[in-house]
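*Asks:* here's a sequence, model it:
(2 chains)
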Amino acid sequence: MGAGMPRTFVALFAGVLFGLGLAISGMMNPAKVVGFLDVAGGWDPTLAFVMGGALLVTIPAFRIILGRPRPILADGFVLPTASALDGRLLGGGALFGVGWGLSGFCPGPAVAALVTGLAPVVAFVAAMAAGMVLYAWVFERPDRGDVRTKPANPQGV
Amino acid sequence: MIENFTPLSGLVGGVLIGLAAAMLLLLNGRLSGISGIVGGMMAPKTSDVGWRAAFIVGLLLGPFIYILVTGGALLLEMQASVPVLVVAGLLVGFGTRLGSGCTSGHGVCGIARLSKRSIVATAVFFVVAMLTVFITRHVL
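*Replies:* Numbers count the residues shown, from 1 in each chain, chains lettered A, B, ... in the order given. As a prediction, the model looks like this:
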């Protein structure tokens, strides 16, 4: 690992900060998330303040950071290269939306909620991991010549 | 009618999430998309397992610290039965990989980069999730 050690610690610390933010925001509670999505019920606008708070930081910060020639601890920025609004983007977003609406869980809060050890959370995250493995098996199998792998997009954004 | 609204803790939590994303980009050059970080470990050709695993450990440590400091006040109210959660989990896992991102990757990082794909994807999953909740809560 060697040169990768500082990056590993940065990732750990960023994860802690991210998880702390999720816990404080209340977004780990699926009821708060569904409360936002349920516009026809007793609407809870909190989620908009969470995303707004995050964007308040990332919009100016990313502009400054991405103006740099390179990140501090790595050779370059790993950014998505795709630009087309294709079926995969829209279809994937729609499938995710159905699952999010049914459960009130998106990937970050669900993984963070594993800390509670609650069986329904474990079941959701196990199924989510299975869905990701299924995707990799269908679309990213290196031995299947008939399925084209996506262009380099390691971050998956 | 607005219920259970907690704008201040929401804003503070959101700012911390934004700081985490800015830190990971500035130092490591990486975007904080949780589905990408987790899903990247499920792919056949996995690279950089170390930092991905470290981020996920941190993601669990954060709420753990919160529980320690506040004395066990992390409320989780399930919105569906376990069978429905399993179906939802499969959809979230497959869908976020197919659509190249989730709430954090598209919603927080992608919008901040003014990515057209992320803005459209975010609009799609918010609208579909709202429709799903409307159908399950008010139609069925």
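*Asks:* quick one: low-confidence ranges for chain B?
*Replies:* Where chain B drops to pLDDT under 70, the residues are B:1, B:44-47.
*Asks:* now the helices for chain A?
*Replies:* Using DSSP state H, the helices of chain A run over residues A:5-25, A:30-37, A:46-65, A:87-103, A:107-112, A:119-139.
*Asks:* buried ones in the fourth one?
*Replies:* Counting neighbours by 16 or more other CB atoms under 10 Å in any protein chain shown, one finds that the buried residues in helix A:87-103 are A:88-90, A:92-103. Quick note: C-beta positions are derived from backbone N, CA and C, even for glycine.
*Asks:* among these, which one lies nearest to B:Leu31?
*Replies:* Nearest to B:Leu31 among the buried residues of helix A:87-103, counting by CB to CB, is A:Leu89 at 16.0 Å.
*Asks:* report the contact partners of that closest one.
*Replies:* Applying CB atoms under 8 Å, 6 or more residues apart in numbering or on different chains, we find A:Leu89 in contact with A:82, B:99-100, B:117, B:120-121, B:124.
*Asks:* which of the helices of chain A is buried the deepest?
*Replies:* Neighbour counts averaged per stretch over those are highest for helix A:107-112, at a mean of 28; criterion: mean count of other CB atoms under 10 Å in any protein chain shown.
*Asks:* contacts for that helix, please.
*Replies:* For helix A:107-112, with CB under 8 Å, 6+ apart as the criterion, the contacting residues are A:18-19, A:22-23, A:27-28, A:30, A:33, A:103, A:121, A:124-125, A:128, B:34-35, B:38, B:56, B:59-60, B:62-63, B:89, B:92-93, B:96, B:102-104.
*Asks:* avg pLDDT for it?
*Replies:* For helix A:107-112, the mean per-residue pLDDT is 98.
*Asks:* ok, now stretch A:9-22?
*Replies:* When the per-residue pLDDT values of stretch A:9-22 are averaged, the result is 98.
*Asks:* how near is B:Thr55 to chain A?
*Replies:* Careful, residue B:55 is Phe and not Thr. When CB to the nearest CB, to the nearest Å is applied, the distance between B:Phe55 and chain A equals 4 Å.
*Asks:* ok, that residue - contacts?
*Replies:* Taking CB under 8 Å, 6+ apart, we find B:Phe55 in contact with A:11-12, A:14-15, A:18, B:24, B:32, B:37.
*Asks:* which pLDDT value goes with A:Pro154?
*Replies:* Model confidence at A:Pro154, expressed as pLDDT, equals 48.
*Asks:* so where's chain A shaky on pLDDT?
*Replies:* Low-confidence segments of chain A, defined by pLDDT under 70, are located at A:1-3, A:142-157.
*Asks:* on that earlier part again, which of the buried residues of helix A:87-103 sits closest to A:Gly76?
*Replies:* Nearest to A:Gly76 among these, counting by CB to CB, is A:Leu89 at 24.2 Å.
*Asks:* of all the helices of chain A, which lies closest to B:Ile135?
*Replies:* Taking CB to CB, helix A:87-103 is the member of those nearest to B:Ile135, at 8.3 Å.
*Asks:* now do that closest one and helix A:30-37, the angle between them.
*Replies:* Using axes from the mean of the first three to the mean of the last three CA atoms, to 10 degrees, the direction of helix A:87-103 lies 120 degrees away from that of helix A:30-37.
*Asks:* how close does B:Trp51 sit to B:Val86?
*Replies:* When CB to CB, to the nearest Å is applied, the distance between B:Trp51 and B:Val86 equals 29 Å.
*Asks:* next: B:Ile37.
*Replies:* Distance of B:Ile37 to B:Val86, given as CB to CB: 22 Å.
*Asks:* counting neighbours, go ahead and name the busier of the two.
*Replies:* It is B:Ile37, of B:Ile37 and B:Val86, that has more neighbours when counted by other CB atoms under 10 Å in any protein chain shown, with 30 against 20.
*Asks:* hmm, the more buried one is touching B:Ala53, no?
*Replies:* No - using CB atoms under 8 Å, B:Ile37 is not in contact with B:Ala53; the gap is 9.3 Å.
*Asks:* and the nearest residue to A:Phe77 once chain neighbours are set aside, what does it touch?
*Replies:* Leaving out its chain neighbours, the residue that sits closest to A:Phe77 by CB to CB, 6 or more residues apart in numbering or on different chains is B:Gly29, at 4.2 Å. Residues counted as contacts of B:Gly29 (CB under 8 Å, 6+ apart) are A:70-71, A:73-78.
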